[in-house]
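1. sequence and predicted structure, then a few things I'm wondering about:
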Amino acid sequence: MGTISSRHPADQTEHERPARAGTQPRETRPRSHIKALGELREGYNRQSMRNVRMGDSSRRLVAYAAVGPGESTVVALAAARRFAEREGHQVVREIADGTGPLDPCRRPGYLEVRRLVLGGYADGLVVPSMSHISGVEEEYEEQIRDLGERFALVLLADPETTA
């Protein structure tokens, strides 16, 4: 059994496949693949919310953004914070990386977010879009699975299906 991101369409030739699974740009992936990643994340989020006391659906979240040169961390974090608050959650910390599209586990800010969430300071994270976790779908899926299996909530202001 492979991950969602490692599956390739059967009619793709070896020449058309990317050198490494999961590196194909998101825009060229089938919409059903993006939808499957969103459903995976939502499934983990439902499990996470089941652990919340009856009537208390507000969660403590870390807002996170990874931006490249020339992009605004203020704008990206504001989008994540507004979404979290609109959903009834509390943003307890805001963290940004200006490193661009590195592997998520090589970004100091993202590692701090994971430490805060997995250490119990926050119940999860909120990001503007999936690319702020990773633009490489295989890395994104790995993070969603890892956080989801630990009952961390992962919210996207712009969900995968609208990409």
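-> Perfect, I can see it now.
2. is it correct that residue 156 is in contact with residue 37?
-> No. With contact defined as C-beta atoms under 8 Å, residue 156 does not count as touching residue 37 (10.3 Å). Placement of C-beta: from N, CA and C, glycine included.
3. residues that sit against both of the two, list them.
-> Common neighbours of residue 156 and residue 37, counting by C-beta atoms under 8 Å, 6 or more residues apart in numbering, are residue 130.
4. for this protein, which segments count as helices?
-> Remark: helices assigned in the chain by DSSP state H are 31-50, 73-86, 108-118, 137-148.
5. point out the most buried one among those.
-> helix 137-148 (a mean of 20; mean count of other C-beta atoms under 10 Å).
6. packing partners for it?
-> helix 31-50, strand 153-158 (3 or more C-beta pairs under 8 Å, 6 or more residues apart in numbering; DSSP states H and E).
7. contact partners for residue 91?
-> Residues counted as contacts of residue 91 (C-beta under 8 Å, 6+ apart) are 61-63, 80-81, 84-85, 126.
8. count the residues that sit near the residue lying closest to residue 87 once chain neighbours are set aside.
-> Nearest residue to residue 87 in three dimensions, chain neighbours excluded: residue 155, at 6.8 Å (C-beta to C-beta, 6 or more residues apart in numbering). Applying other C-beta atoms under 10 Å, we find 19 residues neighbouring residue 155.
9. any chance of the helices of the chain in CSV, plus distance to residue 160?
-> Listed next are the helices of the chain as CSV, based on distance: least, C-beta to C-beta, whole Å:
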stretch, distance to residue 160
helix 31-50, 4
helix 73-86, 14
helix 108-118, 18
helix 137-148, 9
